[in-house]
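Student: Any chance you can model this:
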Amino acid sequence: MTRYEELILLSPELGVEECREIVNNFSAIVEREGGSVLKIDDWGVKDTAYPVRKFNRGRYVRMEISMPGSAVAELERNVRITDGVFKFITVRLADTPAAATEEA
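Tutor: The predicted structure is shown next:
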């Protein structure tokens, strides 16, 4: 399976429980599509580089996931239609960790 990083910008008006529920829904989608969530980092509410939907702050959540490439479209479709999500980006990670390649 391929490893991906999903960075999600959520509305700063959402509470911690609401954000956790959204992330849990995304985790359930990944698992339903045959993948697994490796790590979830909640970076908290931070300033954005530019206003996004008239907000200057947003809650950043980073998910590291492992799933088939065919499941990416389904995850992104669900992220797009979820209320409270301002922006997101999905990045395919290298198959070999950088530390392992430096040692070789």
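Student: show me where the protein has helices.
Tutor: Taking DSSP state H, the helices of the chain run over residues 16-32, 72-81, 98-103.
Student: Between those helices, which one is closest to Arg57.
Tutor: Nearest to Arg57, of all the helices of the chain, is helix 16-32, at 13.4 Å by Cβ to Cβ. Just so you know, the C-beta spots here come from the backbone N, C-alpha and C atoms, and that holds for glycine as well.
Student: average model confidence for that closest one?
Tutor: Mean pLDDT, helix 16-32: 95.
Student: pLDDT weak spots in the protein?
Tutor: 96-104 (pLDDT under 70).
Student: Save the helices of the chain as TSV, and put in distance to Phe55 and mean neighbour count too.
Tutor: Output for the helices of the chain, formatted as TSV (distance: least, Cβ to Cβ, whole Å; neighbours: other Cβ atoms under 10 Å):
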stretch	distance to Phe55	mean neighbour count
helix 16-32	14	15
helix 72-81	18	14
helix 98-103	34	8
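Student: Export these as CSV, with columns for distance to Lys46.
Tutor: Shown next, in CSV, are those (distance: least, Cβ to Cβ, whole Å):
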stretch, distance to Lys46
helix 16-32, 13
helix 72-81, 19
helix 98-103, 25
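Student: For the strand of greatest length in the chain, which residues meet the burial criterion?
Tutor: The single longest strand within the chain, with elements called by DSSP state E, is strand 36-52. Neighbour-count burial for strand 36-52 flags 37, 40, 48 (criterion: 16 or more other Cβ atoms under 10 Å).
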